[in-house]
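Undergrad: Requesting a structural model of the entry that follows:
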Amino acid sequence: MERLEAIVSGRVQLVMYRDFATRKARGLGLVGEVRNLPDGTVRVVAEGPREKLEAYEKKLWKGSFLAKVAGVSATYHPATGQYKYFDITYD
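TA: Residues are numbered from 1 along each chain as shown. Sure, this is the predicted structure:
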């Protein structure tokens, strides 16, 4: 099990991107969270098998119908096991 941490930039807020990211993660059986950041980017943390995380990262590049993803800065780490589900986090 591994952990993907990604910052997604572009037009990714107010375009249903977090909902998109949540549905795609759940569909792959991943756990984690997605949240908007104050600078207009979206932070995604997902845990699961490496091959599913890599497939998920590709989906993050596509984004929701209204999104225009300019970049996905992703890093991989060992999983921490802190998540039980994949959810949207609101601040």
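Undergrad: From the opening residue of stretch 56-68 to its closing one, how far?
TA: End-to-end distance of stretch 56-68 (C-alpha to C-alpha, to the nearest Å): 17 Å.
Undergrad: Can you tell me how far the residue positioned nearest the centre of the chain is from L30?
TA: A centroid search over the chain (C-alpha atoms, centre = their mean) returns V44, at 3.4 Å, as the residue closest to the centre. In this view, V44 and L30 are 10 Å apart by C-beta to C-beta, to the nearest Å. Bear in mind the C-beta positions are built from the backbone N, C-alpha and C, glycine included.
Undergrad: which residues do these two both contact?
TA: Counting by C-beta atoms under 8 Å, 6 or more residues apart in numbering, V44 and L30 have no common neighbour.
Undergrad: For this protein, just list every one of the helices.
TA: For the chain, the helices defined by DSSP state H cover 17-27, 50-62.
Undergrad: Mind listing what's buried along the shortest one?
TA: By neighbour count on 16 or more other C-beta atoms under 10 Å, the buried set for helix 17-27 is Y17, R18, F20, A21, T22, K24, A25.
Undergrad: what does it contact?
TA: So helix 17-27 is contacted by 8, 31-32, 34-36, 42, 44, 46, 56, 59-60, 63-64, 67, 86-88 (C-beta under 8 Å, 6+ apart).
Undergrad: tell me how far that helix is from the chain's mean position?
TA: 7 Å (C-alpha atoms, centre = their mean, to the nearest Å).
Undergrad: What mean pLDDT does it get?
TA: Mean pLDDT, computed over helix 17-27, is 98.
Undergrad: before we move on, back to that, would you list the helices of the chain in JSON lines and tack on distance to G71?
TA: Below are these laid out as JSON lines (distance: least, C-beta to C-beta, whole Å):
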{"stretch": "helix 17-27", "distance to G71": "13"}
{"stretch": "helix 50-62", "distance to G71": "9"}
